[in-house]
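# got a predicted structure here, sequence first:
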Amino acid sequence: MADYKAPLRDMRFVLNEVFDVAKLWSELPALAEVVDVDTAAAIL
């Protein structure tokens with residue numbers, strides 16, 4: 001059976017370029033100090 005490899009490059013592109021999550025997360029008080037692009041990349 002082949003090992004699954006998640007499309008991390010595509011996921012990062014969608015988060016950063018399409019949704020601009022860094023801006024979104026910085027505007028939400030509950031997430032501003034908890035989640036950033038580096039944290040999301042580590043989770044992925």
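Arrived safely, thanks for sending. Numbers count the residues shown, from 1 in each chain.
# Val21 reaches Thr39, doesn't it?
No - contact criterion CB atoms under 8 Å: Val21 and Thr39 do not qualify, at 10.6 Å. For glycine as for every other residue, the C-beta is placed from the backbone atoms N, C-alpha and C.
# which one of these two is surrounded by more residues?
Neighbour count, other CB atoms under 10 Å: between Val21 and Thr39, Val21 has more, with 17 against 12.
# residue contacts, that one?
Neighbouring residues of Val21 by CB atoms under 8 Å, 6 or more residues apart in numbering: 15, 37, 40.
# again, only this time at 6 Å
Listed by CB atoms under 6 Å, 6 or more residues apart in numbering, the contact set of Val21 reads Leu15.
# contact partners of stretch 33-44?
In contact with stretch 33-44 (CB under 6 Å, 6+ apart) are residues 8, 11, 22, 25.
# and those residues, which of them are in strands?
Within the contacts of stretch 33-44, no residue falls in strands by DSSP state E.
# need the buried ones from the residues you listed selected in PyMOL.
With 16 or more other CB atoms under 10 Å as the criterion, this PyMOL line picks the buried residues out of the contacts of stretch 33-44:
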select buried, resi 25
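# farthest pair in the contacts of stretch 33-44?
Leu8 and Trp25 (18.8 Å; CB to CB).
# now this protein, which segments are flagged as low pLDDT?
Scanning the chain for pLDDT under 70 picks out nothing.
# ranges for the strands of this protein?
Under DSSP E, the chain gives no strands.
# how about the helices in it?
8-13, 21-27, 29-32, 37-43 (DSSP state H).
# comparing those, which comes out most buried?
Among the helices of the chain, the stretch with the highest mean neighbour count (mean count of other CB atoms under 10 Å) is helix 21-27, at a mean of 13.
# pull the distance from it to the chain's centre.
A distance of 11 Å separates the centroid of the chain from that of helix 21-27, by CA atoms, centre = their mean, to the nearest Å.
# can you check stretch 1-20 too?
On the basis of CA atoms, centre = their mean, stretch 1-20 is displaced by 9 Å from the centre of the chain it belongs to.
# what comes up buried for it?
Using 16+ other CB under 10 Å as the test for burial, stretch 1-20 gives Leu15.
# nothing else from me, thank you.
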